[in-house]
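S.K.: How does the following fold in three dimensions:
(2 chains)
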Amino acid sequence: MSWETVIGLEVHVQLATRSKLFSGTSTEFGAEPNTQANIYDLALPGTLPVLNGEALRMAVRFGLAIDAEIGTRSVFDRKNYFYPDLPKGYQVSQLHYPIVGRGSLTITLEDGEDKVVGVTRAHMEEDAGKSLHEDFHGMSGIDLNRAGTPLLEIVSEPDLRNAREAVAYLKKLHSIIRYLDISDGNMAQGSMRCDANVSIRRAGDTELGTRTEIKNINSFRFVEKAINYEVLRQREILEDGGRIVQETRLYDADLDETRSMRSKEVANDYRYFPEPDLLPVVIDDAYVESVRASLPELPDQKRERFAAEFGLGAYDAGVLVSSREMAEYFEQVVSICGDAKLSANWVTVELLGLLNRNNWEFDESPISASRLGTLIARIKDNTISGKIAKTVFEAMVEDADEVDTIIDRKGLKQVTDSSEIEKLVDEVIATNPDQVQQFRDGKEQVFGFLVGQCMRLSKGKANPGQVNKVLKEKLK
Amino acid sequence: MLANTIAELARSLRKGEISSVELTRAYLDRIGQLNNELNAFITICEDQALAQAGAADQRLADGDPSPVCGIPLAHKDIFCTRDITTTCGSKMLANFVSPYDATVVERFNAAGAVTLGKTNMDEFAMGSSNETSYFGPVKNPWDPARVPGGSSGGSAAAVAADLCAMATGTDTGGSIRQPAAFCGITGFKPSYGRISRWGMIAFASSLDQAGPLSKSAEDAAIMMNVMAGLDPRDSTSVDLDVPDYTAELDNSLQGLRIGLPRQHFAEGLNADVEQQVRDALAEYEKLGATLVDIDLPNNHLSVSSYYVVAPAEASANLSRYDGVRYGYRCDNPADLEDMYKRTRSEGFGDEVKRRILVGTYALSAGFYEAYYRKAQQIRRLVRQDFLDAFKEVDVIAGPTSPHVAFKLGAKSDPVAMYLEDIYTIAVNLAGLPGVSIPAGMSNGLPVGMHLVAGDFQEARLLNVAHQFQQHTDWHTRRPALQSGEG
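M.R.: Numbers count the residues shown, from 1 in each chain, chains lettered A, B, ... in the order given. The predicted structure is shown next:
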């Protein structure tokens, strides 16, 4: 029996403002508990919120980046519930009039096709604090450093059809917010958090099935695993003739399973109503246009430009622009060596491989863009061969010296002196009379063997083009 | 001397007839004599007051021009004050000391005024008689068997009994104007947004507004000059130029059109109160004003609308009192839920709980449309009534309350108590400025006249009130209190 999966994601992105959404307190991560909570964050009587203009700007940047309608009049609401790490007893959020309305973004599927995924809305809200249940001997500790940190909640349409699409969407979102410089998107630290709404239906059905909401997924890998687990769980229930209960489920990464949250934790009437301490946020065209003018080149635009300007294929261009850091690194490499295709190969294969093996970010790379650019330039100007370049590349990981210094010191410079090469060729002809005879008898494949012998004799340093040329002449 | 206006006291201070320290001591003495009976103050801060007075005397000697420099005042206990408890009339905050000053407090401190103490009030400003205070009811200085009105009852009684020269209050549905009427003083509620709410403990955020309680309209203008103005810490405070509110006090009322809402002179209004107010209005005619009957057709809906909007906002505003971070916490909570339940059951009084329940209900799923949204629609209609009326008239006048101060315990039915504010509530819903001024006496008790003007027409309103007081002496009447000044 064939099933179709329907997924929508709710993603909370912590906006990288210096201060909180409604107070001037610092948002820096990792401070001592409760040292970054002022009288408003603590909800002392008489305190009032003042909207952080930078958070608003960041939200509008995001809206413009996904080509969304921008709410010219957006309204904050109070979402009421009691919890010790929610000091006011309500969270200030946006219900009916979010700052960002309908938009979309494009993901690339595994078959190379593009798919447009709808974004329903994105709204600003404040984060809660943290409850700490360990180390307090039967009590709970409250840390309000995070309370009031600005979040952008981005809600997708139920347009995603499998876990890999969901991950592709999340990665695209991650890429966009990093390009926009509005969040570090660090899922492990919680600055990007994902809830997944998952349902399945029989292929061909138009009605949506009953969905569950999976919370607490804190890595790209877990998004895929949690959804796959949940799809399988729902399928088994339905195929056994059961019914899906609409509920919130928690993903447990250790056990790789989702489990139902107690209904008490979720059955809440939030009693939303407009926040009377804040006026509606009214923004005009001039504001929107000023934000638009400040937008950087975004991944899709960059991909098109890389294809057009550098003649790169869609796949290579797509990989290069997937992170802003990689794209910038790549462009710097090209600007030094002048060869985009070679640069693309070196960045996406050698460099990315190195970074992934070591779990390094681009800014942690031991090989800077300028050194990699120089290395490729040395291939281009025949100082070294592509094969030797890989040896140099390996050396560069440990050795911070200039590329040319390393090549010199290791004696890896290509032999281009024609008398040297003639000597090599003469020696190979002399020591391989059988093969030389075979070639002269018309067995042309042997030529490659003879070239290989020359290269081996030179320890790879001979210029292969020159070896070819000289060998051909001498065998005539 | 203690009955003098701010303007008079400011002159005496500058002439050297009295020092601020002497004046402060005199008020503190009088508070010592009368507060046990009146219960107008929750906290008296003698040491701080004398220290402030000493500093004020130095400033006066240096030629400080502020009219409130050295003048003793009382703050309603809803304004946060650093180093002095701020209880909001509740057990919940009986031990709460704010680490910061409210903007209103900050401004009076900066101007050199002397804080005598914090005045009693209905718990969280919820009440019209001051009987809901955790610290016991305030007595009306005109008759201790009667209420002073509420919720700013302590401030009104303190001004009326000359326990201070001036006092601050807040008005969400009439909480400055109604006690001012009951105590025979001037109570002024500015337009919403005119005075910062920063540091003023919230009851209903979209309605709450601070204002002065004083011995005259001129004093209210002097206080407004200190209190009014944009505050970047309050997003709802208004970025409008603040005029000198004393500048237009002497303007002529010739040609002034005063609207009398038929709905405010209708059934339920005490006949003698009506007569007193009509006699007062006749004074205005002598000053060249004309009286015009007008309609506020949706006025009868305002109390119902208010008692949805205000409790709804209050239900959220009071959620922070959960026993976690400050204020009252129940003994030995068994778990989190037990702590929430008992802290709030034990920490809040009945009226506060009633309003939290009403507000929570009005906002709940399935009822929001029928209650909260409907109430907001009515609110717009109520405001439109005023805007329409102000096309025909300059100010609107009527009684502040349907009757004079009632006896303690006389209104045990909550709805009867809610109807106390039937003439004042619509002004809060509409966000307009309003003032109550003494306009007569009925059986030995003060009668208040209510005047309302258009958005941010505070200066005009004070001018109209002041001109009445230039030609009448109701505002100078004082209750005969046993301890007296001797």
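
S.K.: And the helix ranked longest in chain A, what does it pack against?
M.R.: When chain A is parsed with DSSP state H, its longest helix is helix A:220-239. When contacts are defined as 3 or more Cβ pairs under 8 Å, 6 or more residues apart in numbering or on different chains; DSSP states H and E, helix A:220-239 packs onto strand A:3-14, helix A:163-180, strand A:192-202, strand A:212-217, strand A:248-252, strand A:257-260. Any C-beta I mention is one placed from the backbone N, CA and C, and that applies to glycine too.

S.K.: For B:Pro141, find the nearest of those.
M.R.: strand A:3-14 (56.5 Å; Cβ to Cβ).

S.K.: In chain A, which residue sits nearest chain B?
M.R.: Proximity of chain A to chain B (Cβ to the nearest Cβ) peaks at A:Gly89, 2.4 Å away.

S.K.: can you pull the contacts of that residue?
M.R.: Residues in contact with A:Gly89 (Cβ atoms under 8 Å, 6 or more residues apart in numbering or on different chains) are A:Ala43, A:Asn80, A:Tyr81, A:Phe82, B:Ala316, B:Leu318, B:Ser319, B:Arg320, B:Asp322.

S.K.: Leaving out the residues flanking it, which one is nearest to the last one?
M.R.: Once its chain neighbours are removed from consideration, B:Asp322 has its nearest residue in B:Tyr340; the separation is 5.8 Å (Cβ to Cβ, 6 or more residues apart in numbering or on different chains).

S.K.: Show the subsequent helix or strand relative to the host helix or strand of that neighbour.
M.R.: Element membership of B:Tyr340, judged by DSSP states H and E, is helix B:336-347. Under the assignment DSSP H and E, the closest C-terminal helix or strand after helix B:336-347 is helix B:350-363.

S.K.: pLDDT averaged over that following helix, what's the number?
M.R.: Per-residue pLDDT values over helix B:350-363 give a mean of 97.

S.K.: And that helix, how far out from the chain middle?
M.R.: For helix B:350-363, the separation from the chain centroid amounts to 23 Å (computed by Cα atoms, centre = their mean, to the nearest Å).

S.K.: What about the residue nearest to B:Asp322, how many residues nearby?
M.R.: The tally of other residues near B:Tyr340 (other Cβ atoms under 10 Å in any protein chain shown) stands at 20.

S.K.: How about the contacts made by it?
M.R.: B:Tyr340 touches A:Phe82, B:Asp322, B:Gly323, counting by Cβ under 8 Å, 6+ apart.

S.K.: buried subset of the residues you listed?
M.R.: The neighbour-count criterion (16 or more other Cβ atoms under 10 Å in any protein chain shown) marks B:Asp322, B:Gly323 among these as buried.

S.K.: Pick the one among the contacts of B:Tyr340 closest to A:Pro158.
M.R.: Proximity of these to A:Pro158, judged by Cβ to Cβ, is greatest for A:Phe82, which lies at 31.3 Å.

S.K.: Quick check: buried residues in the helix holding B:Tyr340?
M.R.: B:Leu336, B:Met339, B:Tyr340, B:Arg342, B:Thr343, B:Arg344, B:Gly347.

S.K.: Stretch A:188-200 now?
M.R.: Judged by neighbour count using 16+ other Cβ under 10 Å, the buried positions of stretch A:188-200 are A:Ser191, A:Met192, A:Arg193, A:Cys194, A:Asp195, A:Ala196, A:Asn197, A:Val198, A:Ser199, A:Ile200.

S.K.: quick one on the thing from earlier: which parts of the longest helix of chain A are buried?
M.R.: Across helix A:220-239, burial judged by 16+ other Cβ under 10 Å covers A:220, A:222-231, A:233-234, A:238.

S.K.: for these, which one is nearest B:Leu291?
M.R.: Distances from B:Leu291 to the buried residues of helix A:220-239, taken by Cβ to Cβ, are shortest for A:Val223, at 72.9 Å.

S.K.: Quick one, grab the pLDDT at the closest one.
M.R.: Looking at A:Val223, its pLDDT stands at 95.

S.K.: I'm done for today, thanks for sticking with me.
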